[in-house]
Every structure is written in structure tokens, then in C-alpha cells.
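> sequence and computational prediction follow.
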Amino acid sequence: MKKCTKCGETKPLDDFVKDSRISSGHKSQCKMCVNKLAIQNQRTRRARLGSIKICSKVCSSCRCDLPLSDYNSQKSSRDDLQSVCKSCAKSHRQKKLAENPDHYYGLHLKKTYGMSLEEFHEMEKSQNYKCKICGTTDPGTYKGKGVLRNHFAVDHDHDTGKVRGLLCRGCNIGIGMLDDDLKRIEAAAVYLRKHKHA
């Protein structure tokens, strides 16, 4: 047990941050008081920054002092801006794409569908690199992150989020425009059969 020098409460040692520099092996203030102080200090810093009119910032990459409008926003940072300017951020993206063209597509798959790039390629292989509806081997081309891509589209259930398979762009757009509604899709098929030789 140890007494916190801030709140005065006696608490178990697990409630104190370990610190090998102190003879007792733990900080003098409990974790709760340390956290409260950190939040208070953060609010004070933000209030101080808010009262000072800051017009520019030094890019951590090119070291240029640039206007705030030259930075993309980032809510997790202290000033709500990225540490690198837009120009450097673009250069870093282009370099990353040159090193690994599928880097950003892999991030997109993970964020949107919860699948890795490796799982995507495994699914492609299991479908014999063909669209699950029409059987074409041409996935269709689209533009993503300023780069022309030709990946199969990941088709998923919009209600459950479950991935159903990989489709070519045409089939994916087609069922998407019909809202994945079986009645509409079947009605469209009947309509096309009826007018096929008209």
C-alpha cells in the first residue's frame, strides 16, 4: 500500500506507475491523479495555443516554414494538423506507391472489409482469377489514389458487411445499381430475355 501525495488516499501499489529511478519503485502520485494532471496540462496547452494567432508551421520533412493552409488536417495531433506539408505528404505517397503499388489498396481492404491483401489474393486464386458472376478474367480498370488500378471489386452484403466474393467492375456496379434486390435483378433478367430478339 502507498499514500498518494496528490489526493492523500492510500491505495495498492498497482494504482501507482512504476519508476525505477525512485527508491520505492513507484511514483509518488497515483495513476488517477497523474492522468488528471495530464488532461489538465493538455487543456492548458490548447487554450494557450488558441489565444496565440499562429499563421505558419515548420514541416518536419522539408523543414520549410509554411502557412497552415499548406497542411492536411489530423485530429489526433496537438494543433489538428499533420506534421508534414501537403507537398511532402504527396511525395511520400508517390514514393510508397513506387515501392509497393498495392500499399494503399491493402490499407483500404483492411479498413473497409477487414481483410488483408494476402486474403484478397487467396480469394482471387480460389475463384481462378475470374468474376464470380460472369466469369471474365478482366476485372475492369478504375482510378484510385491517382493511379489506374485493375483489381476485382470486393462484393459484400451491405446489411451484414460479410464479403461474398470478387466481381468485375461491370457486375459489381450492375448489382449495386439494382440495390442487391433479387426481385429487381430477376425482373431485369426476364425483361432482357423477352426483348433479346425483338
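Okay, I see it. Residues are numbered from 1 along each chain as shown.

> for stretch 159-173, output the C-alpha coordinates as PDB.
C-alpha atoms of stretch 159-173 as PDB (Å, rounded to 0.1, in the frame of the first residue of the first chain):
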ATOM      1  CA  ASP A 159     -26.600  -5.200 -44.300                       C
ATOM      2  CA  THR A 160     -24.100  -7.600 -42.600                       C
ATOM      3  CA  GLY A 161     -20.800  -6.400 -44.100                       C
ATOM      4  CA  LYS A 162     -19.900 -10.000 -45.000                       C
ATOM      5  CA  VAL A 163     -17.700 -10.400 -48.100                       C
ATOM      6  CA  ARG A 164     -19.500 -12.500 -50.700                       C
ATOM      7  CA  GLY A 165     -16.800 -12.700 -53.400                       C
ATOM      8  CA  LEU A 166     -14.900 -10.800 -56.100                       C
ATOM      9  CA  LEU A 167     -16.600  -9.300 -59.100                       C
ATOM     10  CA  CYS A 168     -15.500  -7.400 -62.200                       C
ATOM     11  CA  ARG A 169     -16.400  -3.700 -62.200                       C
ATOM     12  CA  GLY A 170     -19.300  -4.200 -64.500                       C
ATOM     13  CA  CYS A 171     -21.100  -6.900 -62.400                       C
ATOM     14  CA  ASN A 172     -20.400  -5.100 -59.200                       C
ATOM     15  CA  ILE A 173     -21.800  -1.800 -60.500                       C
END
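
> residues of the longest helix along the chain that come out buried?
Using DSSP state H to define each element, the chain has its longest helix at helix 31-51. The neighbour-count check on helix 31-51 (16 or more other Cβ atoms under 10 Å) flags Cys33, Val34 as buried. All C-beta atoms are positioned from the backbone trio N, CA, C, and that covers glycine.

> elements contacting that helix?
strand 16-18 (3 or more Cβ pairs under 8 Å, 6 or more residues apart in numbering; DSSP states H and E).

> what about the strand it packs on, distance to the chain center?
Centroid separation between strand 16-18 and its chain, computed with Cα atoms, centre = their mean, to the nearest Å, is 33 Å.

> quick one: buried residues of that strand?
For strand 16-18, using 16+ other Cβ under 10 Å, the buried residues are Phe16.

> and that strand, which strands flank it?
strand 26-30 (antiparallel) (DSSP bridges).

> check what contacts the strand it pairs with and list those residues.
Strand 26-30 is contacted from outside by 2, 4-7, 9, 11, 13, 15-19, 22, 34, 37, using Cβ atoms under 8 Å, 6 or more residues apart in numbering.

> mind running it again at 10 Å?
For strand 26-30, the external contacting residues (Cβ atoms under 10 Å, 6 or more residues apart in numbering) are 2-7, 9-22, 33-37.

> format the CA atom coordinates belonging to the helix or strand where Ser87 lies as PDB.
For Ser87, the host element (DSSP states H and E) is helix 86-99. Extracted in PDB, the C-alpha atoms of helix 86-99 (Å, rounded to 0.1, in the frame of the first residue of the first chain):
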ATOM      1  CA  LYS A  86       0.900  18.700 -48.400                       C
ATOM      2  CA  SER A  87       3.700  18.600 -50.900                       C
ATOM      3  CA  CYS A  88       5.900  16.300 -48.800                       C
ATOM      4  CA  ALA A  89       2.900  14.100 -47.900                       C
ATOM      5  CA  LYS A  90       2.200  13.700 -51.700                       C
ATOM      6  CA  SER A  91       5.900  12.900 -52.300                       C
ATOM      7  CA  HIS A  92       5.800  10.300 -49.600                       C
ATOM      8  CA  ARG A  93       2.700   8.700 -51.000                       C
ATOM      9  CA  GLN A  94       4.200   8.600 -54.500                       C
ATOM     10  CA  LYS A  95       7.400   7.100 -53.200                       C
ATOM     11  CA  LYS A  96       5.400   4.500 -51.200                       C
ATOM     12  CA  LEU A  97       3.300   3.600 -54.300                       C
ATOM     13  CA  ALA A  98       6.500   3.300 -56.400                       C
ATOM     14  CA  GLU A  99       8.000   0.900 -53.800                       C
END
